[in-house]
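1. only the shape, not the letters, is given here:
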């Protein structure tokens, strides 16, 4: 299936390939230094060079995963929309997820580059704008079933027409968004970044000639395809299959929502079939075609870290995405929350299958991407304006073959996504952060445990007309372990924690009214464990206890390791080896039976306080509704089946 | 007090020293193996080798990798962190990112201070500096006593929003000092009063952890030098391209991580100016990597954030250096996709290139250069390390030529072209990318391999001239002789440029200047020797990054001049500006310089004729000029000042080789620099 023959000499090819890397990275730096949206500044952006067909030649080396595998769709959409009407000096904007984009916030600015009359390339930047209109600040309307209220949908439109800036068009766009001036700033920053890219490409054309540069763009894709196929040929052939879950389809009621993924390695192709995934859900967590494809590509790419990313890689990946499903939602189904929903489910399922194909790079499930948004009116002394406290956290990555997961790390959706400094947030909004710390016992236990999650909470000061929304998942489909490892920690936000007014709001909610002095808190899960926690070296558990990553109680319950506190102040903790042997024996003999105990009885023990939340999940595989402690029977049945497959089957 | 000015660069492998007699102008160099366990020993050894004792010295400055090594090897004293309750994990949470986006098995280095060593004390300041919760003194004292019991050697105090109000941190420090006398304590307010908790805390924690290491080392060195009769200051080079006294460094230890490359950059700038170039790109290529820095209008570019390990920034101003994995020992290889790659893997010095015949079989840049005739088989170090041309050719032919179907020469040429293109891309990052046009610059090349590649690299980048300083192998040591005392001060100052009172900004600047004067005075710098420069960090309202621009002293009637400067710099750096846009001030900086007298090196003799410097002729390959050329090989030591010559030529000297391609012309200037210019 290898496309063209090689025309360039190896030196010219290598030099131009590296130049393309440099070109997109220079655009990235320009974006970072001149953007207005804090979301872009936190690195939620990407850049690429596309050839005249719209295929991706090179993508930025620090771009976030979620845009991978989608940019060429937008480029092709522009070529289609302006067939015969694309000219030097044109600059086009597009954000349409139904044309292969991700979600409305990801605005793509695309500049065609011509040599004479010949279209040579499309230079593209994609930035996540802080707001693109719609009913809620930040344009994340959790309740949306159709896209109409979510934000402004931008089909391909020319912002510059043959070099002439169309203020009317630009204003039409930003007039529908909050903080219109800043959006114009982002638009300009992105357009300038594409110009930087064009200048760079022109220099290459002047030096090497247009034909050579065009050849190099094609050969870069062939090179990546060749490299990838060579690697795949070395792998075992076969079929792997697994399932991950969204928490719930709000229209259907309690019960996990399957995302089913099948991988076939046959010859040098990777064939993915997502048949068996649930129909599109009644909220915005669905993925459209482009973002589901991105999840597959990004999930696969994680197992080939050294291979550059471009359309050559995409040629190797075949994806069947059943139409109308949660992984291929059609217009006009809402898809803005795909990143918290279907996207990471596909990725983590993909990780799990590849963990079988390449056990040396195995990776258990990682925490779920989450966005908490508090928006309203800032009434601090001297302030009288709308505010948006728009926050995402790090969490734990899955345990690995031979080492623990990475703690407090950006989501798998985008490893380059920086968290925001709270000192900056406190200047801009009437929200004071009360804590931002590692969450003890959040990591899924395993021979190699998951990385630790964190928790972050705050209190509102002077404000009014404020609401809180949350886009997350895995409150019930708890971050899972593999090869015998246990789950992490359930996601979900709480209002007024530790008070009689305490209210658990869950992992997905919208428009909850909040007022001055309200307190909130939420955890991020640690990663799922890898391998049987009873096989973990007790000395490692002891170290975790000393650092407070694991509590003494859970060291005993999850690992069967008994640690005695001699003098906590002086860090004097000791391992009780004899008691550890006994505890491990007890767990080993009983744990399979615990997972079969009557779920109603376990839920009752949770309500009475005899069991805590982590006991119900990790020891009994029971999922309760944290709002009232009631059993979620369907969810529990699915969760226990999942544990049987991923965890129990690997216990000896 | 003697006549000798002495500068030392303590590197990982070698300790380089240059001594300069200020009376006679005579200069000489000494190289000794480093002694990582006690770097001062190598310094004393080098001094002895140079035939001097400390009492012969009038001036002593040095660059050191003590700080960098301690950070990389994590051989750090037991350090504690005291944080606001709820925030002790900021150091570990960081910003959450990883440098390698796709490798799930590549992790960020663990935090410098473990969680068990991070304490919390109730207190809270808000974003305006108001006290939300007072410092809990009882708890503060309990924590201090506990830390004393545990026996920490250093403590960093890191409270939220302390950049607006350092009172709680300062009080915490007092309590710690009462309970833990003699233990080093620093607060984030005194180290870096700048917004953003992780960056400020990280700088403070690294500073605390390094302080005992650096102080101990400098105290021991100072004792030995004083004991030997040296009466002057012990000056240490810091990352900002200046020196500080040992005493000042002991309080700002994080400033001396990565001082070696900074010294090289400063030396490069010096030689460029000596040759009349106000704009220069310094290119320091050694065995495993190349460091590139830039000087514009006599000012070396400085960056305000860098790190020794990813994720733990040190927010002190630092010479901006782009480092790429391209050196003489970098390996050329064919990847699985059939593409010819170069580096970043390096054979280093051991086993080294195939030509060293120490067991290396990979084709390195050195092997390719030898194959092309660019390096003399006699090798470097005056023949002390001969090179085996056959082994080089064989490695190049086998590892590169075979898979590509090329003979050894064509393969070697391909290897060098790829290496040069990679380096050119790195230079573009710091030049074209920042709005500088390479045609306005010269390239100053040093390091063992720099001058082998410099002319080709310059041609690739349209840089019209190359400067090869007289001692390319010890430039870092030399850099320490050529810099001034420098203190960089910063205050967060947030205000809209429209609304800001020029008097208030002026007053804030004057406060910073008073502090800079005080610091310089403590180092014996007063009067004419003191220079203060102002800079302002500004950005368009809504932007997230600010730009540091120089502003005038005094500011004048309004801020218009400063604003004009900002728009112009924004235009240069990012190719656009928006003079109608609202601008905000983000911070104020004062650079305090204490001028140090610079050495006068002896002029090079013009006596003699160039022909006497010819060692031999041999065939050297220049791909751009059609293949092998009969090429004159000169002995640099014998080239008289004023000599001019035409390429192709090769110039051999003790520590490097200079390659002059056919379309270049060269000249030896009165200082002994070789200046190459391309002939168009």
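-> Noted; the coordinates are in hand. For clarity, every value in this text was computed on a predicted model and none was experimentally measured.

2. and for the one residue in the stretch 51-200 of chain B that gets nearest to chain A, the neighbour number?
-> Closest to chain A within the stretch 51-200 of chain B is residue B:86: 3.0 Å, counting by C-beta to the nearest C-beta. To be clear about C-beta, it is placed using only N, CA and C from the backbone, and glycine gets the same treatment. Counted with other C-beta atoms under 10 Å in any protein chain shown, the neighbours of residue B:86 add up to 19.

3. got it, and residue A:539?
-> 10.

4. and the residue lying closest to residue B:297 once chain neighbours are set aside, what does it touch?
-> Closest residue to residue B:297 apart from its sequence neighbours, by C-beta to C-beta, 6 or more residues apart in numbering or on different chains: residue B:278 at 5.4 Å. Neighbour list for residue B:278: B:272, B:295-298 [criterion: C-beta atoms under 8 Å, 6 or more residues apart in numbering or on different chains].

5. surely residue B:278 is within a helix?
-> No - judged by DSSP: H, G, I helix; E, B strand; the rest coil, residue B:278 forms no part of a helix; its state is coil.

6. and the pLDDT at it?
-> Per-residue pLDDT puts residue B:278 at 95.

7. look up how far residue A:68 lies from it.
-> Distance, residue B:278 to residue A:68, using C-beta to C-beta, to the nearest Å: 44 Å.

8. so how far is stretch A:467-485 from its chain's centroid?
-> The chain centroid and the centroid of stretch A:467-485 are separated by 12 Å under C-alpha atoms, centre = their mean, to the nearest Å.

9. do stretch B:309-318 as well
-> Mean C-alpha position of stretch B:309-318 versus that of the full chain (C-alpha atoms, centre = their mean) differs by 13 Å.

10. does that stretch come close to chain A?
-> No - using C-beta under 8 Å from any C-beta of the partner chain, stretch B:309-318 never reaches chain A; the gap is at least 10.3 Å.

11. averaged pLDDT, that stretch. What do you get?
-> Here the average pLDDT along stretch B:309-318 is 91.

12. do stretch A:545-560 as well
-> Per-residue pLDDT values across stretch A:545-560 average out to 98.

13. for my notes, confirm residue A:510 occurs in a strand.
-> Yes - assigned with three-state DSSP, residue A:510 falls within a strand.

14. skipping adjacent residues, who's closest to it in space?
-> Using C-beta to C-beta, 6+ apart, the closest residue to residue A:510 is residue A:142 (3.8 Å).

15. quick check: the gap between the one you found and chain B.
-> Applying C-beta to the nearest C-beta, to the nearest Å, the value for residue A:142 to chain B is 24 Å.

16. what about that residue, distance to residue A:373?
-> Distance of residue A:142 to residue A:373, given as C-beta to C-beta: 9 Å.

17. same thing with residue B:628?
-> Counting by C-beta to C-beta - residue B:628 and residue A:373 are separated by 69 Å.

18. so these two - more neighbours on which side?
-> A direct count of neighbours by other C-beta under 10 Å for residue B:628 and residue A:373 places residue A:373 higher, at 20 against 15.

19. mind checking the SS state of the more buried one?
-> Judged by three-state DSSP, the three-state class of residue A:373 is strand.

20. so the residue of the stretch 351-500 of chain A found nearest chain B: helix, strand or coil?
-> When scored by C-beta to the nearest C-beta, the stretch 351-500 of chain A has residue A:435 as its residue closest to chain B, at 3.0 Å. At residue A:435 the chain is in strand, as set by three-state DSSP.

21. in contact with the closest residue to it other than its chain neighbours, which residues?
-> Residue nearest to residue A:435 in three dimensions, not counting chain neighbours: residue B:86, with 3.0 Å by C-beta to C-beta, 6+ apart. Contacts for residue B:86 (C-beta under 8 Å, 6+ apart) come out as A:433-437, B:120.

22. likewise residue A:169?
-> Contacts for residue A:169 (C-beta under 8 Å, 6+ apart) come out as A:157-159.

23. change it to 6 Å
-> Residue A:169 makes contacts with A:157, A:159, as judged by C-beta atoms under 6 Å, 6 or more residues apart in numbering or on different chains.

24. which SS class is it?
-> helix.

25. what's the following helix or strand after the helix or strand harbouring residue B:518?
-> Assigned by DSSP states H and E, residue B:518 belongs to helix B:502-522. Note on helix B:502-522: by DSSP H and E, the next helix or strand toward the C-terminus is strand B:530-540.

26. surely residue B:233 and residue B:245 touch.
-> Yes - with contact defined as C-beta atoms under 6 Å, residue B:233 and residue B:245 form a contacting pair (5.0 Å).

27. give me phi/psi at the residue in chain B sticking out farthest from the centre?
-> The outermost residue of chain B relative to its centre, with distances by C-alpha atoms, centre = their mean, is residue B:138 at 44.5 Å. When read as degrees, to the nearest 10, the backbone of residue B:138 gives phi -60, psi -40.

28. for burial, what's the neighbour tally of the closest residue to residue B:96 other than its chain neighbours?
-> Computed as C-beta to C-beta, 6+ apart, the closest residue to residue B:96 that is not its neighbour in sequence is residue A:394, at 3.6 Å. The number of residues packed near residue A:394 is 28, by other C-beta under 10 Å.
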